[in-house]
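Student: no letters, just coordinates:
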């Protein structure tokens, strides 16, 4: 349930919470995708964990 801030908000969606992890079919593989849910609208999107490392798009925590 980590918190993230979009650097460039779209549709007033700036603050997000990781609401769940998408588990791979094979338990030998690590989790790579997560569901981010916008706090303002409740809209959800699937995101690869590597995208969250892009500081041009995401900041960890709420700013």
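Tutor: Structure received. Bear in mind that the values here come from a model prediction, so they are computed numbers and not experimental data.
Student: nearest the geometric middle of the chain, what residue?
Tutor: The residue lying closest to the centre of the chain (CA atoms, centre = their mean) is residue 36, at 3.7 Å.
Student: quick check: that one touching residue 47?
Tutor: Yes: taking CB atoms under 8 Å as the definition, residue 36 is a contact partner of residue 47 at 5.3 Å. Yep, even glycine has a C-beta here, placed from its N, CA and C like the rest.
Student: verify the contact between residue 4 and residue 18 for me.
Tutor: Yes: the pair residue 4 / residue 18 is scored as a contact, 7.2 Å apart, by CB under 8 Å.
Student: about what we covered before: give me the nearest residue to the residue nearest to the centre of the chain, chain neighbours excluded.
Tutor: Nearest residue to residue 36 in three dimensions, chain neighbours excluded: residue 16, at 4.4 Å (CB to CB, 6 or more residues apart in numbering).
Student: burial count for the one you found?
Tutor: Neighbourhood size, residue 16 [other CB atoms under 10 Å]: 26.
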